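1. Output the structure for:
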Amino acid sequence: MITADDLLDALHGLGVTLIAGVPCAFLTSVIQRAMDDPTLSYIPAANEGDAVAMAAGAHLGGGRGVVLMQNSGLGNAVNPLTSLCHTARIPLLMLVTLRGDPDGPEDEPQHGLMGAITTGLLDLLHIPWCDCPADPPGLRQVLQQAVEHMDHEKRPYALVVRHNDFLPVSGSGAPVRCLAPVEPCVISGQGGIVGTRAEVLSVVQGVTQPSDLLLATTGYTGRELYALDDRRNQFYMVGSMGCVSSIGLGLALTRPDRGVVAIDGDGALIMRLGTLATIGHIRPANLIHLVLDNGQYESTGGQATTSPEMDFAMIAAGCGYAAVVEVESLDRLAEELGHRNGPRLLHIRIHPGTMEPLPRPGVPPDQVVSRFRSFARG
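-> Sure thing, here's the model as predicted:
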């Protein structure tokens, strides 16, 4: 058996900067040690798909991310693993526990099917995997194999963790470190429709700093940002709907010296509202979260979202954001983009409709990733 310290020591040697995940009893000692390690950013994700996106954000910033998950949550991660990481060639290391192991001790009934199909599902996802070794030299060898795959193929690799693979250790289990003191959040602004998506994105491009890192949610937002002006500091997310704020969190922690602007949509945010709680808890000061709200899933046919009955500002404030603004004009948007006491959520109501004609990005997703990562590391 190996210890959590064996794993973290090896991960440090491989340049890991961020660990995100959802707890599993098989990984208790690993999570405790990661939480206690001042050199790592440990993020308690709301779900496994968000954890994948956070690790993807670390890669975009020039770091290396690790995802911890129970196999029962692997299904939650399928979308970002396939549509984002595979498509855009974003590598990350996964530690997937094998609850319901057919060759292991009896487990809870809900783990039976997933235990039997976990490794087959990884194969189906084109994610190579290896059982967690029982000794430190074997662990280092397997992790080196994983890194070689990730660096060459630029895609995920999984380590399958079984019952009692890690020795139990004492650990504080202290709350995850926040990056800023928590203070009461004041909601400001009058709200109201401020203009079109293109007008909002033009302001974002016009007033953000040249060194800022811009992330655009999937659909029309990324396509309009590209059409207005294609830049190396812009990431056009593909697939992985709802994950842009999680990518932004991972990126902001990896590059605290850069401003990060995550441009979200109302339908996308609704899909993964749990990330607001994670962002509000970690509180990266350099993250601005824009929510463009037209009440529609516009790029899939204009179906209505539930945003008219929601209060994004109150939700973000309740989750611990440092500042929340109901933007009432393009001038107010420009002003707010100049502040960096984040995380800040700017709720921006926009008209439905898009630019005509609206091109798709002419840069393949993997090239968008490579040039963005190069820019972020510069």
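2. Would you map the strands across the stretch 201-350 of the chain?
-> Per DSSP state E, counting those that start in this stretch, the stretch 201-350 of the chain carries strands over the ranges 213-216, 234-236, 260-265, 287-293, 296-297, 303-304, 323-326, 344-350.
3. Deepest-packed of those, please.
-> strand 260-265 (a mean of 29; mean count of other Cβ atoms under 10 Å). Yep, even glycine has a C-beta here, placed from its N, CA and C like the rest.
4. Return the list of strands paired to it, each annotated with direction.
-> strand 213-216 (parallel), strand 287-293 (parallel) (DSSP bridges).
5. when you compare where it runs with where strand 344-350 runs, what's the angle?
-> With axes from the mean of the first three to the mean of the last three Cα atoms, to 10 degrees as the basis, strand 260-265 and strand 344-350 are set at 40 degrees to each other.
6. contact partners of strand 260-265?
-> Contacts to strand 260-265, defined as Cβ atoms under 8 Å, 6 or more residues apart in numbering, come from residues 201, 204, 208, 212-217, 219, 221, 225, 244-245, 247-248, 251-252, 284, 286-294, 337.
7. burial of residue 193, as a residue count?
-> Applying other Cβ atoms under 10 Å, we find 12 residues neighbouring residue 193.
8. show me what contacts the residue lying closest to it once chain neighbours are set aside?
-> In this structure, residue 193 finds its nearest non-sequential neighbour in residue 349, 4.7 Å apart by Cβ to Cβ, 6 or more residues apart in numbering. For residue 349, the contact set (Cβ under 8 Å, 6+ apart) comprises 191-194, 293-294, 327.
9. Residue 340 contacts residue 286, doesn't it?
-> Yes. Between residue 340 and residue 286 there is a contact at 6.1 Å, judged by Cβ atoms under 8 Å.
10. Can you pick out the residue with more neighbours from those two?
-> The neighbour comparison of residue 340 against residue 286 (other Cβ under 10 Å) goes to residue 286, with 23 against 13.
11. Starting from residue 136, give me the distance back to that one.
-> Using Cβ to Cβ, to the nearest Å, residue 286 is found at 37 Å from residue 136.
12. which residues do residue 340 and residue 286 both contact?
-> residue 259.
13. remind me which residues of this protein are low pLDDT?
-> 170-182 (pLDDT under 70).
14. Would you mind giving both backbone torsions of the closest residue in space to residue 317 that isn't next to it in sequence?
-> Distances taken as Cβ to Cβ, 6+ apart put residue 185 closest to residue 317, at 4.0 Å, once the chain neighbours are dropped. Note on residue 185: backbone dihedrals following degrees, to the nearest 10 are phi -90, psi 130.
15. rewinding a little: can you redo the strands paired with strand 260-265 as a markdown table with distance to residue 367?
-> Below are those laid out as a markdown table (distance: least, Cβ to Cβ, whole Å):
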| stretch | distance to residue 367 |
| --- | --- |
| strand 213-216 | 16 |
| strand 287-293 | 25 |
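16. For residue 377, which of these is the nearest?
-> Closest to residue 377 of the strands paired with strand 260-265 is strand 213-216 (Cβ to Cβ; 10.9 Å).
17. What lies in contact with that closest one?
-> Residues outside strand 213-216 that contact it (Cβ under 8 Å, 6+ apart): 60-61, 204-205, 208, 222, 225, 231, 233-237, 244, 247-248, 251, 255, 258-263, 372, 375-376.
18. Mind checking which of these are in helices?
-> Judged by DSSP state H, the contacts of strand 213-216 include 60, 204-205, 222, 225, 244, 247-248, 251, 372, 375-376 as members of helices.
19. and which of these is nearest residue 140?
-> Closest to residue 140, out of all of those and judged by Cβ to Cβ, is residue 60, at 26.7 Å.
20. is it true that the closest one touches residue 253?
-> No. Using Cβ under 8 Å, residue 60 is not in contact with residue 253; the gap is 11.5 Å.
21. Doesn't residue 69 lie inside a helix?
-> No. Applying DSSP: H, G, I helix; E, B strand; the rest coil, one finds residue 69 to be strand, outside a helix.
22. Run through the residues that contact the residue lying closest to residue 8 once chain neighbours are set aside.
-> Counting by Cβ to Cβ, 6+ apart, residue 33 is the residue found nearest to residue 8 once chain neighbours are left out, at 5.5 Å. Residue 33 sits next to 4-5, 8, 169, 171 when contact means Cβ under 8 Å, 6+ apart.
23. Please, which helix or strand holds residue 33?
-> helix 28-36 (DSSP states H and E).
24. roughly how far is that helix from the heart of the chain?
-> 20 Å (Cα atoms, centre = their mean, to the nearest Å).
25. Could you export it as PDB, keeping only the C-alpha atoms?
-> This file holds the C-alpha atoms of helix 28-36, laid out as PDB (Å, rounded to 0.1, in the frame of the first residue of the first chain):
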ATOM      1  CA  THR A  28     -10.100  10.500   2.200                       C
ATOM      2  CA  SER A  29      -6.400  10.600   3.100                       C
ATOM      3  CA  VAL A  30      -5.500  12.100  -0.300                       C
ATOM      4  CA  ILE A  31      -8.100  14.900   0.100                       C
ATOM      5  CA  GLN A  32      -6.900  15.600   3.600                       C
ATOM      6  CA  ARG A  33      -3.300  16.000   2.600                       C
ATOM      7  CA  ALA A  34      -4.200  18.000  -0.500                       C
ATOM      8  CA  MET A  35      -6.300  20.400   1.600                       C
ATOM      9  CA  ASP A  36      -3.400  20.800   4.100                       C
END
